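Visitor: I'd like to go over a predicted model; first the sequence, then the structure.
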Amino acid sequence: MMPPEHETSITRNPASILVASRIQNTSVHIDHPPNSSSNVSPCTDDRMPEQRQSTPARFSVLHESLRPVTLKFEDVSYSVKLQSRKGSCCSSLEPKPAKTVLNGVSGIVRPGELLAMLGPSGSGKTTLLTALAGRLPGKVSGAITYNGQPFSSSVKRKTGFVSQDDVLYPHLTVLETLTYAALLRLPSKLTRDEKIEQAELVIVELGLNRCQNNVIGGPLFRGVSGGERKRVSIGQEMLVNPSLLLLDEPTSGLDSTTAQRIVATLRGLARGGRTVITTIHQPSSRLYRMFDKVVVLSEGCPIYSGCADGVIEYFGSIGYVPGFNFVNPADFLLDLANGVTPDMKQDEQQEFHSRRDHHEAQTSIKQSLVSSYKKNLYPALKDEIRPRDSNPVRSATGALPSRSNENQWTTTWWMQFKVLLGRGLKERKHESYSGLRIFQVMTVSILSGLLWWHSDTSHIQDQVGLLFFFSIFWGFFPLFNAIFAFPQERPMLIKERSSGMYRLSSYYFARTAGDLPMELVLPTIFTTITYWMGGLKPSLLTFSLTLLIILFNVLVSQGLGLALGAILMDVKQATTLASVTMLVFLLVGGYYIQHIPGFIAWLKYISFSHYCYKLLVGVQYSATEVYECGSGVTCRVLDFPAIRYLGVDQMGWNVTALAVMLVGYRLLAYVALRLGRPH
Ligand SMILES: Nc1ncnc2c1ncn2[C@@H]1O[C@H](COP(=O)(O)OP(=O)(O)OP(=O)(O)O)[C@@H](O)[C@H]1O
């Protein structure tokens, strides 16, 4: 169990105090309405934020919010359109049925408070939490305000959101994960060392010292434990000292001691002036006692919203008194949210589930609880959320202007690029420099070298075949590698972009630049081996030009792969489309078929392999070069049918076409990512 002195022991950490005072000096005070922190919370007896702020700066940044947020939500409702039945011939014409996920949920959470959302599985807790974090797609009706203002990018930067699934890079260690988060999220006024120091403080705070050098791990290899992963996710959000912290099931799957420790940390964070909201499945009574407020949902409808220690009194007042064996208020609340009353439990528990009418009975209990909430709790809550003399609260999707005049990004573009590049290189080094990939390329290059061993112009058909093989192999390979880039990183990109961690452009350039070294090294090794083994023109200039053309082709093909991945965001669909595309490029490239009918011959103009092949043939053979085309007869290489049909003049156009594709595909990938972003 977490000792009660836990919070104070951390705040006395000298390093914390040092960094805290530095950060306090550099932080920006924003949109803190005069009345927001003066609200006295009826559920907490701690000092209020303005009192805490007048205290000398001796708290760690982890325990002192500088920009308190009062979150109010009123009548929040949300519906989703369900998918129509597949296979039905008229499915697209049928109106899609809608499901109400949230129905008129209200509440208020002030700085210093920890609110827990309780309810059975599927009752709408995650949906409500996501709506409060401003991350729910679609229209949310009702009003959600942060210090009286609607959600804005300024609020986004003050909000920490920990999702149920921990989205973390598997190959980074705990320390690296938190350090990169600190470098990206803490303001550039702090030095690099101070940011790293801050990450170390969070590690101490969350008790992660023992595993700080362990990798996070993933589905294919073991890393830190589930509880440690969860704490790393929480740590990433704690780093930015969020004023509003929302967590989805932070204790699920954890033992009771670890769960207790996490909730104690959350309570400590709340007591530092933050507004903390968490969903929780089945809290023990020990955990329940740490909550200041609870919202209880039953099938999307609220049955309680208010102080955690007032639940027994409230439900008692409407006729639901917990039984004599009652120990945990959370069990009592969950039973009620499921339509199971304590008296029913005692008397009829045994046969309850076998009764035919149990479903109707449950539904009627739930309806009565929702009506009681509307009659007894909602009016007072409404007055608390919206004092009668205040301006009407606008709709969550309403039009109060965003007050986001502050600098949108905490770090510069260049800083973001550098950190993301370093992080990407570290995370993907196993993949990029994998022995398997090197083995694959080396094997194919040596095998090709042996197959084309010292070919010469007397076997012109074979030599041209080798050049075509270059263009196709180095079209396929980078294309299929690049397809995975964005779909694989999508959850991370959504998570980090939703918290406004970095610009899309810095991520995009870092991601593509990070892959370049290996993408260029492998074709260089391949070309060097195969070119000289295959007996192509023994000229350093021709070899260098051949290599440059192949690298150019690699970049174009990689761009197409990135674009397909970014547009479809689905590896299966993207690989299918890529294989069809490359098959078309293979056929129209000019090697297999030399007399393509005119109505379909245009396809070759969209094939980068075609331009690459033409350039390779063009630099390999000069106009005066001849080959033996019969016994004792020589012909000009450029008159060889396959080459003549290909046409190796106007090399500049081929280079231009590749350059346009190089820029075009990458631009397309960027635009697709931007349009597909979560907000
Ligand atoms: N986009 C969606 N499409 C269809 N159904 C949805 C969608 N979003 C939410 N739902 C449904 O809304 C209900 C509430 O979902 P939500 O995830 O908020 O519940 P929850 O209380 O967090 O559940 P759990 O505790 O099991 O995580 C569920 O029945 C879910 O299936």
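Guide: Nice, I can see it. Since we're looking at a predicted model, the values are computed, not measured. Numbers count the residues shown, from 1 in each chain.
Visitor: Contact residues of this structure facing the ligand?
Guide: 80, 82, 99, 101, 119, 121-127, 281 (C-beta under 6 Å from any ligand atom). C-beta coordinates here come from the backbone N, C-alpha and C atoms, glycine included.
Visitor: residue ranges for the strands of the stretch 401-550 of the chain, please.
Guide: Counting by DSSP state E, counting those that start in this stretch, one finds no strands in the stretch 401-550 of the chain.
Visitor: sorry, that was for the stretch 201-350 of the chain
Guide: Going by DSSP E, counting those that start in this stretch, the stretch 201-350 of the chain shows strands at 244-247, 275-279, 293-298, 301-307.
Visitor: Could you dump those into JSON lines and include mean pLDDT, mean neighbour count and distance to residue 152?
Guide: Putting the strands of the stretch 201-350 of the chain into JSON lines (pLDDT from 0 to 100; neighbours: other C-beta atoms under 10 Å; distance: least, C-beta to C-beta, whole Å) gives the following:
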{"stretch": "strand 244-247", "mean pLDDT": "94", "mean neighbour count": "27", "distance to residue 152": "12"}
{"stretch": "strand 275-279", "mean pLDDT": "95", "mean neighbour count": "27", "distance to residue 152": "16"}
{"stretch": "strand 293-298", "mean pLDDT": "94", "mean neighbour count": "26", "distance to residue 152": "24"}
{"stretch": "strand 301-307", "mean pLDDT": "93", "mean neighbour count": "25", "distance to residue 152": "25"}
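Visitor: out of those, nearest to residue 667?
Guide: strand 244-247 (35.7 Å; C-beta to C-beta).
Visitor: Name the residues that touch the closest one?
Guide: Residues from elsewhere that reach strand 244-247 (C-beta atoms under 8 Å, 6 or more residues apart in numbering): 69, 71, 129, 132-133, 146, 155, 158-162, 234, 237-238, 266, 269, 274-279.
Visitor: Apply 6 Å and report the result again.
Guide: With contact meaning C-beta atoms under 6 Å, 6 or more residues apart in numbering, strand 244-247 is reached by 69, 129, 133, 158-162, 274-278.
Visitor: same check, this time on stretch 477-496
Guide: 167, 519, 554, 557-558, 560-562, 564-566, 569, 571, 574-575, 578, 678.
Visitor: Could you identify the buried members of these?
Guide: 519, 554, 557-558, 560-562, 564-566, 569, 574-575, 578 (16 or more other C-beta atoms under 10 Å).
Visitor: Pick out the most distant pair among those residues.
Guide: 554 and 569 (23.3 Å).
Visitor: distance of residue 474 from residue 139?
Guide: Between residue 474 and residue 139 the distance is 48 Å, computed by C-beta to C-beta, to the nearest Å.
Visitor: neighbour count winner among these two?
Guide: residue 474 (25 against 11; other C-beta atoms under 10 Å).
Visitor: Contacts only, for that one.
Guide: 523, 550, 553-554.
Visitor: 10 Å instead, please
Guide: 522-523, 526-527, 549-554, 556-558, 609, 612 (C-beta atoms under 10 Å, 6 or more residues apart in numbering).
Visitor: dump the residue contacts of residue 576.
Guide: Taking C-beta under 10 Å, 6+ apart, one finds 564, 568, 570 in contact with residue 576.
Visitor: What segments of the stretch 351-500 of the chain are helices?
Guide: Taking DSSP state H, counting those that start in this stretch, the helices of the stretch 351-500 of the chain run over residues 358-372, 378-385, 413-432, 435-451, 460-483, 485-498.
Visitor: now, of those helices, which is deepest in the fold?
Guide: helix 460-483 (a mean of 22; mean count of other C-beta atoms under 10 Å).
Visitor: any idea of the mean pLDDT for that one?
Guide: For helix 460-483, the mean per-residue pLDDT is 90.
Visitor: what's the answer for stretch 167-185, then?
Guide: Mean predicted lDDT for stretch 167-185 stands at 94.
Visitor: same check, this time on stretch 511-528
Guide: Stretch 511-528 comes out at a mean pLDDT of 89.
Visitor: With stretch 375-382 instead?
Guide: 90.
Visitor: what sits up against that stretch?
Guide: Applying C-beta under 10 Å, 6+ apart, the set of residues contacting stretch 375-382 is 72, 74-75, 104, 106-108, 302-306, 310, 314, 317-318, 372-373, 385, 388.
Visitor: Distance from the chain centre to it, please.
Guide: Averaging C-alpha positions (C-alpha atoms, centre = their mean, to the nearest Å) puts stretch 375-382 38 Å from its chain's average.
Visitor: could I get it in CSV with only the CA atoms?
Guide: Output in CSV follows, covering the C-alpha atoms of stretch 375-382 (Å, rounded to 0.1, in the frame of the first residue of the first chain):
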residue,chain,number,x,y,z
LYS,A,375,-35.2,14.8,-10.7
ASN,A,376,-32.9,15.0,-7.7
LEU,A,377,-29.3,15.5,-8.8
TYR,A,378,-29.4,17.2,-12.2
PRO,A,379,-31.1,20.5,-11.2
ALA,A,380,-28.5,21.2,-8.5
LEU,A,381,-25.7,20.1,-10.8
LYS,A,382,-26.9,22.3,-13.6
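Visitor: shaky segments in this structure?
Guide: 1-66, 83-96, 324-326, 343-357, 387-408, 432, 677-679 (pLDDT under 70).
Visitor: Show me it divided up by domain.
Guide: 6-80+98-385, 413-675 (automatic domain parsing).
Visitor: How far off centre is the shortest one?
Guide: This points to domain 413-675. With C-alpha atoms, centre = their mean, you get 30 Å for domain 413-675.
Visitor: what distance separates the start and the end of that domain?
Guide: 20 Å (C-alpha to C-alpha, to the nearest Å).
Visitor: and residue 74, what does it touch?
Guide: Per C-beta under 10 Å, 6+ apart, neighbours of residue 74: 104-108, 142-145, 378, 381-382, 385-386, 393, 395-396.
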